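Undergrad: A predicted structure for the sequence below; I have some questions about it.
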Amino acid sequence: MIRFFGHILTSLGSKVLVALSGLGLAGFVVFHMLGNLQVFQGPEALNTYAAFLRDMPILLWTARLGLLGMVSLHIGLAIRLALHNRRARPVGYAVREYRQASLSSRTMAVTGSLLLLFIVFHLLHLTAGWVDDSFPDRLDLRGHRDVFGKVVHAFQNPLFVLIYLAGQAALGLHLSHALSSSLQTLGVEHPILDRLFKGAGPLVALLVVVGNVAIVLAVAIGMVRA
Ligand code: HEM
């Protein structure tokens, strides 16, 4: 046990845990986007899906606590690694060599922080309903919570559209680099696999962002309406 925690405290152990928790969170984001796409099938589909998730409290709370644990571990260890790296190189590089590093890899701390801000806002907005109380929780004709109505109401407001689009930009940049580098950290190194994983990160990020942006814009332009 002591050896296990000793390993976590090493830089390599921390990197592996940041990678594993990041992959878990990316899995949630993909799953969440696919579920939310049911907005295109209308209120019945989305509300039944949301009710299905809420009707299993043990599963719901296990998933919520799991997500919270992964987010805390991911952020805590990522900050610790960044501080450790800074301490190891207090002077910094004389010439910053950016040619090899992509935009997303250079901005991981910034996009990660913006993403965290977005998630907190998103939970206060659509889950807790504290940001906008002009759409109180109500039931649809089948007695399910009207999650569809809440989403449509949200993206009819241009301010929320802008905030969600900005959140997607942060998500896309963060995910694009994170997925590829997580697989590298986990030691999946082979010339062909390496090229595959380098492409997989941006591709998955693009699919998630396109799916989420489609939901926001479809409501904003009136293609999906209550
Ligand atoms: C346009 C994009 C998105 C839409 C339309 C959306 C929609 C929603 C809705 C409607 C809920 C509340 C569900 C309910 O009350 O039953 C929700 C909850 C949630 N969303 Fe999103 N979401 C989006 C993007 C994201 C992103 C990018 C993340 C994370 C990076 C995220 C994380 C969460 C979490 C953690 C919850 C709480 C789940 C729970 O415990 O009930 N969402 N989302």
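TA: The structure has been received and is ready for your questions. These numbers were taken from a predicted model, which means no experiment stands behind them.
Undergrad: Helix or strand: which one has Ser134?
TA: For Ser134, there is no host helix or strand (DSSP states H and E).
Undergrad: gap between it and Gly149?
TA: 12 Å (C-beta to C-beta, to the nearest Å). (C-beta placed from N, C-alpha, C; glycine too.)
Undergrad: Of the two, which one has the most company?
TA: When Ser134 and Gly149 are compared for neighbours, Gly149 comes out ahead with 18 against 7, by other C-beta atoms under 10 Å.
Undergrad: ok, that one touching Pro43?
TA: Yes: applying C-beta atoms under 8 Å as the test, Gly149 and Pro43 come out as touching, 6.9 Å apart.
Undergrad: anything in contact with each of these two?
TA: Counting by C-beta atoms under 8 Å, 6 or more residues apart in numbering, the contacts common to Gly149 and Pro43 are Asp140, Ala226.
Undergrad: tell me which parts of the protein are close to the ligand?
TA: Within the chain, the residues that sit near the ligand (C-beta under 6 Å from any ligand atom) are 29, 32, 36, 50, 54, 64, 67, 119, 122-123, 126-127, 147, 151, 164, 171, 212, 215-216.
Undergrad: buried subset of the residues you listed?
TA: Buried members of the residues of the chain next to the ligand, scored by 16 or more other C-beta atoms under 10 Å, are 29, 36, 50, 119, 122, 126, 147, 151, 164, 171, 212, 215-216.
Undergrad: next one: the longest helix out of those in the chain to chain centre, how far?
TA: Using DSSP state H to define each element, the chain has its longest helix at helix 57-88. Its chain's C-alpha centre and that of helix 57-88 lie 13 Å apart, by C-alpha atoms, centre = their mean, to the nearest Å.
Undergrad: what do you get for stretch 128-143?
TA: 24 Å.
Undergrad: what's the first-to-last distance across it?
TA: 20 Å (C-alpha to C-alpha, to the nearest Å).
Undergrad: buried ones in it?
TA: Buried residues in stretch 128-143 (16+ other C-beta under 10 Å): Phe135, Asp140.
Undergrad: now swap in stretch 33-40 and tell me
TA: Quick answer for stretch 33-40 (16+ other C-beta under 10 Å): Met33, Asn36, Gln38, Val39.
Undergrad: what does that stretch contact?
TA: 45-46, 49, 53, 148, 151-152, 208, 211-212, 214-215, 218-219, 224.
Undergrad: Name the residues of the helix or strand hosting Gly35 that come out as buried.
TA: In this structure, Gly35 sits in helix 11-36 according to DSSP H and E. By 16+ other C-beta under 10 Å, the buried positions in helix 11-36 come out as 14-26, 29, 33, 36.
Undergrad: what do you get for stretch 40-58?
TA: Result for stretch 40-58 [16+ other C-beta under 10 Å]: buried residues Pro43, Leu46, Asn47, Thr48, Tyr49, Ala50, Ala51.
Undergrad: picking up where we left off before, which of the contacts of stretch 33-40 fall in helices?
TA: 45-46, 49, 53, 148, 151-152, 208, 211-212, 214-215, 218-219.
Undergrad: Lowest-confidence entry in these?
TA: Among the ones in helices among the contacts of stretch 33-40, Leu53 carries the lowest pLDDT, at 92.
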